[in-house]
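K.L.:
predicted model and sequence follow; I will ask about them next.
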Amino acid sequence: MKIKRCPFCGGKAVSAHYRFFGWKVFCDNNFDCEVIPATEGGFKTEEDAIIAWNTRYNEIPTDAEIDRILDDLDKPFPKVRFFGERITEAIKTIKRFLVRQGN
């Protein structure tokens, strides 16, 4: 799966796996990017991290993408269980809002 460029500087983005944290995608342009964004939280798969990174504010993930990420949150990393529960609830709230808006 192709990783989109950084939305702030246009630089290259890369994925990395952290042993106790999971997959993450971040801007690799350390010298010129003033923001150096990264995906929040560790993802169970590299694909889920890339989907999260590639989703921009004006792009709504498909139901299948949301469901896959929610399924992965049910298989938590030991040190981030609390945050996984909060993220799950936030995603469910956003999804309910979008349904009410007709999106």
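P.N.:
That came through, no problem. Numbering: from 1, shown residues only.
K.L.:
got the residue ranges for the strands in this structure?
P.N.:
Along the chain, counting by DSSP state E, strands occupy 13-18, 22-27.
K.L.:
got those strands as JSON lines, with distance to residue 3 and mean pLDDT columns?
P.N.:
Placement of C-beta: from N, CA and C, glycine included. Shown next, in JSON lines, are the strands of the chain (distance: least, C-beta to C-beta, whole Å; pLDDT from 0 to 100):
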{"stretch": "strand 13-18", "distance to residue 3": "5", "mean pLDDT": "93"}
{"stretch": "strand 22-27", "distance to residue 3": "6", "mean pLDDT": "92"}
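K.L.:
would you mind finding the most buried of these?
P.N.:
Scoring the strands of the chain by mean neighbour count under mean count of other C-beta atoms under 10 Å gives strand 22-27 as the most buried, with a mean of 21.
K.L.:
give me the distance from stretch 37-47 to the chain's centre.
P.N.:
Centroid separation between stretch 37-47 and its chain, computed with C-alpha atoms, centre = their mean, to the nearest Å, is 5 Å.
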